[in-house]
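In: please find the sequence and the predicted model below.
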Amino acid sequence: MQKFYKILYTLFLFFGVTVCAQELTPNQINSLKSSIEQDLSIAQKSIEDLNYFQAESYIKKALINAKIIDNKKNLGLIYSKLGKIEYLLEEPTQAINALTKAIEIQRLIKDNINIAETYKTLGDVYMTKKKHKQALGYYKSAETFFAQEDLHNKKAESLLKKGQAFVALNNFQDAEKSFKESITLCNRYHLNKTLSSSLIHLGELQAKNGALGLAIKNTNKGFTIAKENKYLEVLSFGHLILSNLKEADGSYKLANTHLRAHLKLSDSLNEIKKSLISLKKKNQFLIDNKFKYVGDAEVESVKKGASTFNQLTTILSIALITILSLLTLSLYKNNNIRLKSNNVLHKKNSELTISTQKAELASKTKANFLSTVTHELRTPLYAVTGLTNMLLDEDPKEEQIPHLKSLKFSGDYLLTFINDILQINKIEANKVEIENEVFDLKKKMTNVISALSNSANDNNTKLHLDYDKDLPNNYSADQLKISQILINLIGNSIKFTKDGDIWIRAKKINEKNGIFYVRFEVEDNGIGISKEKQQNMFESFSQGSIQINRKYGGTGLGLSIVKGLIDILKGKIYLKSELGKGSSFFFEIPMKFAEKAIKKEPISYFKDIEQVELSDIKILVVEDNKINQMITKKILNKMKLYCEIVDNGEDAVEKVKSIKYDVVLMDIHMPGISGIEATKIIRTFDKDLTIFALTAVTIEDKMAEFDEAGFTDIISKPFKQEDFEKKLFEVLMLNKDA
C-alpha cells in the first residue's frame, strides 16, 4: 500500500512539474524564485530555532518549486540543506541520499562554497555511522574548498572534525596536527566556539600521549572559553574530559565534581534533543499543517491572475493534492498503531541509553570516591603502623608496651576496617571471600574488650564478659570479621552509654556435626533507640536522629557493615531496644569446632640473609611523603639494607639511567609524573629491573594498570613487615642465583 502511494505521488509530481514548466510565464518563474528564497530563509530561521520539522517542510516546498523551474544552483543548495536536516533528525540514510544529489549538482555548476559545506555534513553523517575513513575523506575535501574560498571559520571547523576522525582511527600524530592548526586559525580570527572544542579535544589527546600537565592546561583553557560563552555541548564534553584528567592526576574530588556536572548537563541536552526529534512531535506537526500549502498555492494563483488554462491546471493539481492528502491521512490512520509503537520503542531506547550512561558514570563516581577515601586513609595509617612497630622494636618502657600494643591493634583493625568498607560494596555481587583460621574465641573477645576498655573508661562505663561454660574456646572461622562485628557493636554501645554498664555475652544455641551455632549479645543501659528508628538502623548512614548524630558523632556506617559481615558469615542479627533504657544487639553465626588454636610465631624471612652480600645491594626508594620516607628507610636499615631516596618520578628515571639498582620501591601518587608513568618510561630502557609498587591505592581496582605499566610486584601500604621482608628476600636470593 505504501509503495502504491509513493508511485502515485511520483507520477503526479512528474506530470505536474512537466505541465507547469511548459506553461509558466516569466512572471511566474520570478515569483517561484522569490518563493524559493523566502522558503529557504524561513527554513534557516527554523533550524536556528531548533524547529527541525518546520525547516524540513519549507525545504521540501522549496525543492518542488526549484524542480519546476529547474534552478540548478538552488537545487544543489536545497538538497544540501535537506541532508543537513535529515542528519539533525537522525536519519543518516536519507541524509546521505540528499547530500549525494547535492554534490552531483554542485560539481556540475562548480558551486565551491556550498559543496564544501555539503562535504562537511557528509563527514558528520559518516562519523555518526562510525565509518571514520569515509568521514575523514569528506572532511579533507571540505577543508580544501573552504581554504580556496578563504572561509576561515569553516576551515577551522573542518580541521577540528578532521582531528576527531584521526583520533577515531588511532592516528594521534595527524590528529594533534589538525587540532593545533584549528587552534591557530581560531586564535587569529577569534572563533571562540571552535577554539574551545579544539582545545579540549587536544587536551584529551595529549593525556593519551602521556603529557598530563599540558593536557590539563589546554583543557582548562578550552573549558573556560566554553563556560564564558555558554557553549553547553562543549561545556558538557569539557566536564567529562576534565573528570578523566583529574582522576589521572589523583584529584578524585574534582574528578567527581566534573562527572556530576557532566551527567547533569548531558541529561538536559539529551532531553532537549529527544524532544526536538520525537515522532510524536513530527506527527503533530504534520496534522497541524496538512492543508496549509494548498491554500497558499490557491491564493497565490488568484493574485497572479493566471490564465484560464493555468487556473484549470491549478484546480486539477489542488484536487489531486487533496486526494493524495486524504490517501496519506488514511495511511496515517491505518499505521497509527505502528507509529505509536515505534514512538514508544524510540523513547525506551533513548531512556535505556541514558540510563546506561548514568549507571556507568555513577559506577565511576563511586570508584573514584572509594579510591580517594582509601588512599587518604592508608597513607597516614602507614605512618601510624610503621612508627608503632618501630617503637615496639626499640625497647620501650614496661608501662608503654600495653599502650603501644593497643595502638598497634587499633592500627591493624583500622586497616581491616578500611578494606571492609570497600568489600561491603561487593557483598551483593558475592565477591567477598571468607578466610577461615583456627583461633581462641574467648581470648579474641577478651582482647577486643581490652582494646576498647579505655574508650569505656572515658564514659565511666564498665565492660563485662559472660562466656558460656558449655561453649568451647577454639574454632575455625573468619576471626577478623567476627572481631569487626564485635568492635562495631561494642563501640556503638560505648558511644551511647555514659555512667553505665555493657555486657558482652557468648552462648551456645545448638551443635551439630562439629558446627556450633553461637549467639553473641551486646547489651547496654544507654540512651536506647525509638521504635520508628529501629527499622532503618542497619542501613548506611543511618542513626537515631540528626541531634544524636551531632552529639555523639559517627558516620552511621558501622551497623550497615555489621549487617553485611553477618550476612557473609551466614548469620542473623536482631535488635531489641527501648528509648531511655538501653539496647541489645544479638547475632547468631555458625562456627566449626577446632581441637586447638594455632599459635602464630613471628616469622623472619631473613634468617639466611647472610647468603646475600648486603653491601652490594642497591635499593632506590621513590616517595614524596617525608614521614613515609623515614619509615621505609628505617625498615630497610633494620633489615641491614641501605637505600637512596628521591621524591618524584622524574628524578627516579634519571637515577635508574645512571646507576644500576637491584630493587626500586615506587610510590604511585607523586608530584609531576606518577609512579605508573615513571615505571613505563623505565621499562623502555630496562626490562629486567625489579620494581615494586609501594602504594596506598586499592590494588584490586588497579591491578590491570599496574601489570600494564610493568611492575614486578605490588606491596600495599600499610603492609605487614614479614610480607615485605619475604618479597624482598625472594627477589634478592633470585638475583643472587642468577
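Out: That came in fine, so what should we check first?
In: tell me which element P590 falls in.
Out: P590 is located in strand 582-593, with elements delineated by DSSP states H and E.
In: that strand pairs with which strands?
Out: strand 474-477 (antiparallel), strand 515-524 (antiparallel), strand 572-578 (antiparallel) (DSSP bridges).
In: give the buried residues for the longest one.
Out: By 16 or more other CB atoms under 10 Å, the buried positions in strand 515-524 come out as F516, V518, R519, F520, E521, V522, E523, D524. C-beta coordinates here come from the backbone N, C-alpha and C atoms, glycine included.
In: flag every buried residue along the helix or strand following that strand.
Out: The first helix or strand that comes after strand 515-524 along the chain, using DSSP H and E, is helix 531-534. Counting neighbours by 16+ other CB under 10 Å, one finds that the buried residues in helix 531-534 are K533, Q534.
In: just checking, what packs against helix 531-534?
Out: Here helix 531-534 touches no other helix or strand, going by 3 or more CB pairs under 8 Å, 6 or more residues apart in numbering; DSSP states H and E.
In: pull the CA atoms of it into CSV?
Out: Extracted C-alpha coordinates of helix 531-534, given in CSV (Å, rounded to 0.1, in the frame of the first residue of the first chain):
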residue,chain,number,x,y,z
LYS,A,531,10.7,2.2,67.7
GLU,A,532,10.4,4.2,64.4
LYS,A,533,14.2,4.4,64.1
GLN,A,534,14.9,0.7,64.7
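In: centre of the chain versus it, how much separation?
Out: 37 Å (CA atoms, centre = their mean, to the nearest Å).
In: do the same with stretch 499-519
Out: The answer for stretch 499-519 is 45 Å, by CA atoms, centre = their mean.
In: so I113 sits against L151, correct?
Out: Yes. Using CB atoms under 8 Å, I113 makes contact with L151 at a distance of 7.1 Å.
In: point out where the stretch 351-500 of the chain drops to low pLDDT.
Out: 357, 359-360, 362-379, 382-383, 413, 415-432 (pLDDT under 70).
In: and the helices in it?
Out: 401-424, 441-458, 479-495 (DSSP state H, counting those that start in this stretch).
In: how far off centre is the last one?
Out: A distance of 35 Å separates the C-alpha centroid of helix 479-495 from that of its chain, computed with CA atoms, centre = their mean.
In: that one packs against which elements?
Out: By 3+ CB pairs under 8 Å, 6+ apart, helix 479-495 packs against helix 401-424, helix 441-458, strand 501-512, strand 515-524, helix 558-568, strand 582-593.
In: ok, now which ones touch the residue lying closest to L77 once chain neighbours are set aside?
Out: Among residues not flanking L77 along the chain, N114 sits closest, at 5.4 Å (CB to CB, 6 or more residues apart in numbering). Contact partners of N114, counting by CB atoms under 8 Å, 6 or more residues apart in numbering, are G76, L77, S80, A102, Q106.
In: you'd agree the second one is in a helix?
Out: Yes. Membership of L77 in a helix is supported by DSSP: H, G, I helix; E, B strand; the rest coil.
In: pull up the per-residue confidence for S268.
Out: pLDDT for S268: 81.
In: please apply the same query to N283.
Out: 48.
In: got the domain ranges for this protein?
Out: 433-593, 609-737 (automatic domain parsing).
In: of the buried residues of strand 515-524, closest to L32?
Out: Closest approach to L32 among those (CB to CB): V522, at 90.5 Å.
In: what sits closest to S266 if chain neighbours are left out?
Out: Using CB to CB, 6+ apart, the closest residue to S266 is S236 (5.1 Å).
In: repeat that for F223.
Out: Closest to F223 by CB to CB, 6+ apart is G238, at 3.9 Å.
In: ok, the one you found to I673 distance?
Out: According to CB to CB, to the nearest Å, G238 and I673 sit 24 Å apart.
In: likewise for I682?
Out: In terms of CB to CB, I682 sits 11 Å off from I673.
In: got it, and K253?
Out: On the measure of CB to CB, K253 and I673 end up 21 Å apart.
In: who has more neighbours out of those two?
Out: Between K253 and I673, counting by other CB atoms under 10 Å, I673 is the more crowded of the two (20 against 12).
In: where does the more buried one fall, helix, sheet strand or coil?
Out: I673 ends up coil, using three-state DSSP.
In: now for the strands paired with strand 582-593, which one comes closest to I42?
Out: The nearest among the strands paired with strand 582-593, by CB to CB, is strand 572-578 at 70.0 Å.
In: could you dump that closest one to CSV, C-alpha only?
Out: Written as CSV, here are the backbone C-alpha positions of strand 572-578 (Å, rounded to 0.1, in the frame of the first residue of the first chain):
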residue,chain,number,x,y,z
LYS,A,572,21.4,-13.4,61.5
ILE,A,573,21.2,-10.2,63.6
TYR,A,574,18.4,-8.8,65.9
LEU,A,575,17.8,-5.6,67.8
LYS,A,576,15.9,-5.1,71.0
SER,A,577,15.8,-1.5,72.4
GLU,A,578,13.7,0.9,74.4
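In: helix or strand, whichever it is, which one in the chain has the lowest mean pLDDT?
Out: helix 292-304 (a mean of 39; mean pLDDT, DSSP states H and E).
In: right, and T118 touches I103 too?
Out: Yes. Counting by CB under 8 Å, T118 touches I103, with 5.6 Å between them.
In: I'd like the distance between A477 and I566.
Out: Applying CB to CB to A477 and I566 gives a distance of 12 Å.
In: hmm, back to that, mind checking how far the residue nearest to F223 is from I529?
Out: In terms of CB to CB, G238 sits 48 Å off from I529.
In: torsion angles phi and psi at the residue nearest to S266?
Out: Geometry field for S236 lists phi and psi as phi -60, psi -50, criterion degrees, to the nearest 10.
In: just the one 4 residues further on next, same as before
Out: Note on L240: backbone dihedrals following degrees, to the nearest 10 are phi -60, psi -50.
In: name the nearest residue to it, ignoring sequence neighbours.
Out: Here the residue nearest L240, using CB to CB, 6+ apart, is H262, at 4.5 Å.
In: and what of D393?
Out: With CB to CB, 6+ apart, the residue lying closest to D393 is K638, at 7.1 Å.
In: I figured the one you found was touching N389, is that so?
Out: No. Contact between K638 and N389 fails when scored by CB under 8 Å: they sit 9.4 Å apart.
In: out of these two, which sits in the busier spot?
Out: Legend: neighbour count by other CB under 10 Å for K638 and N389, higher for N389 (20 against 15).
In: from K405, how far out is the more buried one?
Out: Relative to K405, and taking CB to CB, N389 is found at 11 Å.
In: and T224, by the same measure?
Out: For T224, the distance to K405 - CB to CB - is 55 Å.
In: between these two, who's got more neighbours?
Out: Set T224 next to K405 and count neighbours by other CB under 10 Å: K405 wins out with 16 against 13.
In: on that earlier part again, need the strands paired with strand 582-593 in CSV (columns: distance to A147).
Out: Formatted as CSV, the strands paired with strand 582-593 follow (distance: least, CB to CB, whole Å):
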stretch, distance to A147
strand 474-477, 76
strand 515-524, 79
strand 572-578, 73
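In: what's the closest of these to N97?
Out: So among the strands paired with strand 582-593, strand 572-578 is nearest, using CB to CB, at 66.3 Å.
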